[in-house]
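J.: need a structure here:
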Amino acid sequence: MWSSLIQLSSERKMSYQRQLIEAIVSAILDSKISPHNPLPSSRELAKQLGIARNTVVHAYQQLIDDGYLISRERSGYFVNEKILSGRVKQDVTGTGDDGQDKISWSDKIKIHPSHQRNIVKAADWNKYPYPFLYGQLDPEMFPLQGWRDCCRQALSVQSIQHSTPDRFDLDDNLLIEQIQARILSRRGVWTSPEQILVTMGAQNAIYILAELLVGRQTHVGIEDPGYVDARNIFAMKTAQLQALEVDQGGLVPGAAVNNCDIVYVTPSHQFPTTVTMDIQRRSQLLQDAEEHDFLLIEDDYESEVNFVGGPTPALKSLDKLNRVIYVGSLSKTLAPGLRLGFMVAPAELIREARAIRRLMIRHPPINNQHLVGLFLSMGHHDSLLQRLHETYRKRWQVMGESLARYLPDSARIPTFGGTAYWVQGPDALDSTLLQKEAKQHGILIESGDIFFMQPDQHKNYFRLGYSSISESKIDEGLMKLSELIHSMI
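T.: Okay, the predicted model is just below:
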C-alpha cells in the first residue's frame, strides 16, 4: 500500500525527504490515511520505499513539528486529527452541476474581454526548436547566482519582519530609491518618491490610468500598428479609439493626434515596428500636447535594451509641463513572470492611482518589491544589462544577416536594439496562415495583423523575437521559415 501511495523519484529536483513529506501531507489532506491506523515504522517504510531509514525518521519528525503527525508511545505515528478539523465534508452524492444550465452567464457578465482580439502564445514555447517569440527570455540568461544571493538576504529575520505586515497602499522604500537611482536616471528622468507608484507590470499601470483618465467619451489615440493589450484596455473604457499613423520615425504628429484627449505612445522603441522617434518629433509632440491640451502616456517598455548607438532620452525627460505619464517595467530585462512595473506622474495623479491600486490589490507583494530592490542596489541588474546587451547584439546581428540572406528587402534593422525584428513579407503572404504552418515545423512566430486596428489589413507582416532563441538556432530557423514562405506564395 505505502509503496503505491508514496512515489519517490531520483529525477525530481527535490530530496527524498522532501518528496516523502510532500506525499504524506497530500495523502493526509486527501483523507487517504486513516487517523485510527498507525503509519509504518521508520524502518519498515524505509524498506518498502528503498531509502535510508534516517530519511524517514527526519521526515516523520518534520511532520510532527508541522502538526500533521503525532507520536504515541509504543503505538507509533498517527495522523493528527486536529489538522483535519474545520474542513467541510465533501458531498460525494451530488456533482454540484445541477443549476449550471439555469443561469445565462453571457447575459449576467457585463463585459467580455475574452472576446477581444489578442496575442496567443504557446505555453510550451521552450519545447520548440525555433522559438522566435517576443517577450520571453532565454532561461540561460537569468542571473541565477545574483538572484539567489538576494533571496538569501530577503529571507533574513529582519527582511521577513519588514515584508510581512500589511502596507495598505505603500511601496518598499528601497525599491523606490533604486527605481529613481538605477532605472529612471538612465532615461534622464529625475523625480521624487511621491511621483512613483509600483505596479504589477506595465499593463497594470496602463489599466489603472484607464480607470482614472478614460470615460465613455474620452478620445484615446493608439499607434497603428500598436500594443494590443493597451488597445484592449482602453477599448473596455471607451469606444472613441483613434488609430494613429506610424511611419519611419514612429508616431506621426498631426490633426488626428491633436484631436485626442490621451495619446498612448512608444517613442523610444515603437511597438511593434521597432523604430525610434527622433528628438525633433518628440519636441513637436510635446508642443502639440500643450497647445491642444492632451496627455501622453509614454510606455518605455524596452528602454534598457538599447545596444545600438547612443542612449535616447525618454520623452518624459523632455517634459517640462507634466503632460507625460511615464510607464516602465522590469519584464524585458529581469523576468516577465515577476510582474513588477512602475509609473511616474505628478503627485496628484499618483495619489489617485495609489488609492485605486489599494482597491484592486492593495500593493504588489512587499517581499518581491524588496527582493528586486536588493537586486538593483547590489549592482546585479547593471551587470545583467551588460550581459544582455552583449548577447542580444550578437543575436541581432545574426538575425539581420540571416534575414538579408533568406528574406531580402523584407525587414528593417532596429536602430534602437531591442529584442525583435518587424518583418514585411511578400504582398501575397498571409502571416496568420504562416504562423500556423510554421508551428507545425517547430517554428514559432507572431502574425502581424493582430497589431493593427483593422484585422483584415496588413496580412503580410509578422514579428520575429530573438530574446528566447539561442544564437546558434537563428540562421537555421530563418532558412526553414523562408522555405516555408516561398512554398506558400
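J.: just checking, Ala230 touches Tyr207?
T.: No: at 9.4 Å, Ala230 does not count as touching Tyr207 under the criterion of CB atoms under 8 Å. Heads up, the C-betas are built off the backbone N, CA and C, glycines and all.
J.: quick one, which of the two is more surrounded?
T.: Set Ala230 next to Tyr207 and count neighbours by other CB atoms under 10 Å: Ala230 wins out with 25 against 22.
J.: and the helix or strand the more buried one falls within, what does it pack against?
T.: Using DSSP states H and E, Ala230 falls within helix 228-235. Secondary-structure packing of helix 228-235 (3 or more CB pairs under 8 Å, 6 or more residues apart in numbering; DSSP states H and E): helix 202-213, strand 220-224, strand 241-247.
J.: which one of those lies nearest to Arg362?
T.: For the helices and strands packed on helix 228-235, the distance to Arg362 is smallest for helix 202-213, at 12.8 Å, taking CB to CB.
J.: what secondary structure does Ala27 sit in?
T.: With DSSP: H, G, I helix; E, B strand; the rest coil as the basis, Ala27 sits in helix.
J.: quick one: secondary structure of Gly328?
T.: Following three-state DSSP, we place Gly328 in the strand state.
J.: tell me how many other residues surround the residue nearest to it when sequence neighbours are not counted.
T.: Spatially, and ignoring its direct neighbours in sequence, Gly328 is nearest to Asp300 (5.0 Å; CB to CB, 6 or more residues apart in numbering). Asp300 has 25 neighbours, counted by other CB under 10 Å.
J.: tally of neighbours for Gln435?
T.: By other CB under 10 Å, neighbour count at Gln435 equals 19.
J.: what comes into contact with the strand or helix carrying it?
T.: Using DSSP H and E, Gln435 sits within helix 431-440. Helix 431-440 is contacted by residues 122, 128, 425, 444-449, 459-462, 481, 484-485, 488 when judged by CB atoms under 8 Å, 6 or more residues apart in numbering.
J.: also stretch 137-152?
T.: By CB under 8 Å, 6+ apart, the residues outside stretch 137-152 that reach it are 126, 334-336, 371, 374-375, 378, 380, 383-384, 387-388, 391, 467-470.
J.: okay, now the domains of the chain?
T.: The chain breaks down by automatic domain parsing into domains covering 2-84, 120-135+383-488, 144-378.
J.: these: which one's closest to Ile103?
T.: Across the domains of the chain, closest to Ile103 is domain 144-378 (CB to CB), at 23.2 Å.
J.: ends of stretch 270-279, what's the gap?
T.: Distance between the boundary residues of stretch 270-279 (CA to CA, to the nearest Å) amounts to 14 Å.
J.: same check, this time on stretch 63-71
T.: 10 Å.
J.: how far off centre is it?
T.: 39 Å (CA atoms, centre = their mean, to the nearest Å).
J.: now do stretch 341-356
T.: Relative to the chain's own centre, stretch 341-356 is displaced by 21 Å; criterion: CA atoms, centre = their mean.
J.: ok, and what's touching it?
T.: The contact list for stretch 341-356 (CB under 8 Å, 6+ apart) reads 169, 179, 184, 189, 191-192, 194-205, 208-209, 211-212, 316, 322, 325-331.
J.: list the buried residues for that stretch?
T.: By 16 or more other CB atoms under 10 Å, the buried positions in stretch 341-356 come out as Gly341, Phe342, Met343, Val344, Ala345, Leu349, Ile350, Ala353, Arg354.
J.: roughly how far apart are the residue nearest to the first one when sequence neighbours are not counted and Leu213?
T.: To tie it back to what came earlier, the one meant is Gly341. Leaving aside its sequence neighbours, Gly341 sits nearest to Ser329 (CB to CB, 6+ apart; 3.5 Å). Ser329 is 19 Å from Leu213, where distance means CB to CB, to the nearest Å.
J.: more crowded one of the two?
T.: Ranked by neighbour count (other CB under 10 Å), Ser329 and Leu213 place Ser329 first, with 27 against 19.
J.: quick check: that one touching Val198?
T.: No: contact criterion CB under 8 Å: Ser329 and Val198 do not qualify, at 10.3 Å.
J.: joint contacts of the two?
T.: Jointly contacting Ser329 and Val198 under the rule CB under 8 Å, 6+ apart are Leu340, Gly341, Phe342.
J.: narrow the residues you listed to those in strands?
T.: In strands, defined here by DSSP state E, the members of the shared contacts of Ser329 and Val198 are Gly341, Phe342.
J.: could you point out which of the shared contacts of Ser329 and Val198 is nearest to Pro311?
T.: Nearest to Pro311 among these, with distances taken as CB to CB, is Phe342, at 19.3 Å.
J.: pick out the residue nearest the middle of this protein.
T.: Pro336 (3.2 Å; CA atoms, centre = their mean).
J.: where's the residue nearest to it when sequence neighbours are not counted relative to Met1, distance?
T.: Nearest residue to Pro336, sequence neighbours excluded (CB to CB, 6+ apart): Gly135, at 6.1 Å. When distance is defined by CB to CB, Gly135 is 47 Å away from Met1.
J.: same question, Gly448
T.: Distance, Gly448 to Met1, using CB to CB: 58 Å.
J.: quick one: contacts for the residue nearest to Gly328?
T.: Going by CB under 8 Å, 6+ apart, Asp300 touches Arg187, Thr266, Ser268, Ala314, Lys316, Tyr326, Val327, Gly328.
J.: how deep is the closest residue to Glu304 other than its chain neighbours tucked in, by neighbour count?
T.: Ranked by CB to CB, 6+ apart and with sequence neighbours excluded, the top spatial neighbour of Glu304 is Thr333, at 5.3 Å. Thr333 sits with 20 neighbouring residues when counted by other CB under 10 Å.
J.: with Pro113 instead?
T.: If you count neighbours by other CB under 10 Å, Pro113 ends up with 11.
J.: and what of the one 3 residues further on?
T.: Counted by other CB under 10 Å, the residues lying close to Gln116 total 14.
J.: and the residue nearest to it when sequence neighbours are not counted, how far from Ser431?
T.: Nearest non-adjacent residue to Gln116, counting by CB to CB, 6+ apart: Asn232, 4.6 Å away. With distances taken as CB to CB, Asn232 is found 20 Å from Ser431.
J.: give me the pLDDT for the residue nearest to Pro336.
T.: In this model, Gly135 is scored at 89, pLDDT.
J.: surely it is in contact with Gly465?
T.: Yes: using CB under 8 Å, Gly135 is in contact with Gly465, at 6.9 Å.
J.: between those two, which one's more packed in?
T.: Neighbour comparison, Gly135 and Gly465: the larger count goes to Gly465, with 22 against 16 (by other CB under 10 Å).
J.: bridged to the more buried one, which residues?
T.: Ala420 (DSSP bridges).
J.: can you name the residues that contact it?
T.: Contacts here follow CB under 8 Å, 6+ apart; on that basis Gly465 touches Pro131, Phe132, Leu133, Tyr134, Gly135, Gln136, Thr419, Ala420, Glu446.
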